[in-house]
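K.L.:
The sequence isn't on hand, but the structure is:
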């Protein structure tokens, strides 16, 4: 879809303009807000990610908070055209050189092939999934980077867990990433909430929680 292609290029340019300091500050602020939310407190598992070096929301403070809080932290690993989820054993592994290795997508760090993935049916529930993206809307629509990894992941989870509250999905966004609309296709998955600049927007309630 050409419309998606053009919007991806525009959003990548916008995000590339963010300084490392801005990205770091936003990530630390998000951690303070999200760990006080009810969805974080009730979640036994946090499905997260390792951010790209530039132009992606930094969730590393939240990853550390999950492990320090005794939650199961799951990080994605590309396997073919899909994502598997690998539990992080400890804070040491999160920052160690053996657990995380360069993956096939832009050399982004991901759990090494030697680490065992967790079956989707064995994810401790309820879970909170922190989802990256290039653009989002307040209707829960998301524009990814074009590989379909997260749409596939969320689709698989929704088929396994019929109860909507089992895995709560939250897009992690900078203000510039919130748009009135993004082009969507039938396979695109919708999110339950958005985090942006100190607030969480609930799609179901259609309002911001500060």
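P.N.:
Sure thing, it's come through. Since the structure is predicted, the reported quantities are computational estimates derived from the model, not experimental observations. Numbers count the residues shown, from 1 in each chain.
K.L.:
Tell me how many other residues crowd the nearest residue to residue 206 once chain neighbours are set aside.
P.N.:
The spatially closest residue to residue 206, leaving aside those adjacent along the chain, is residue 138, at 7.5 Å (CB to CB, 6 or more residues apart in numbering). Where you see a C-beta, it was placed from the backbone N, CA and C, and this is true even at glycine. Residue 138 has 17 neighbours, counted by other CB atoms under 10 Å.
K.L.:
Now residue 138: phi and psi?
P.N.:
Dihedral angles of residue 138 (phi, psi; degrees, to the nearest 10) stand at phi -80, psi 10.
K.L.:
wouldn't it be in contact with residue 202 here?
P.N.:
No: using CB atoms under 8 Å as the test, residue 138 is too far from residue 202 to be in contact (9.7 Å).
K.L.:
Relative to residue 135, how far out is residue 177?
P.N.:
Per CB to CB, to the nearest Å, residue 177 is found 5 Å from residue 135.
K.L.:
Between the two, which contacts overlap?
P.N.:
Common neighbours of residue 177 and residue 135 (criterion: CB atoms under 8 Å, 6 or more residues apart in numbering): residue 11.
K.L.:
And for residue 89, nearest residue in space, chain neighbours not counted?
P.N.:
According to CB to CB, 6+ apart, the nearest residue to residue 89 is residue 99 (7.6 Å).
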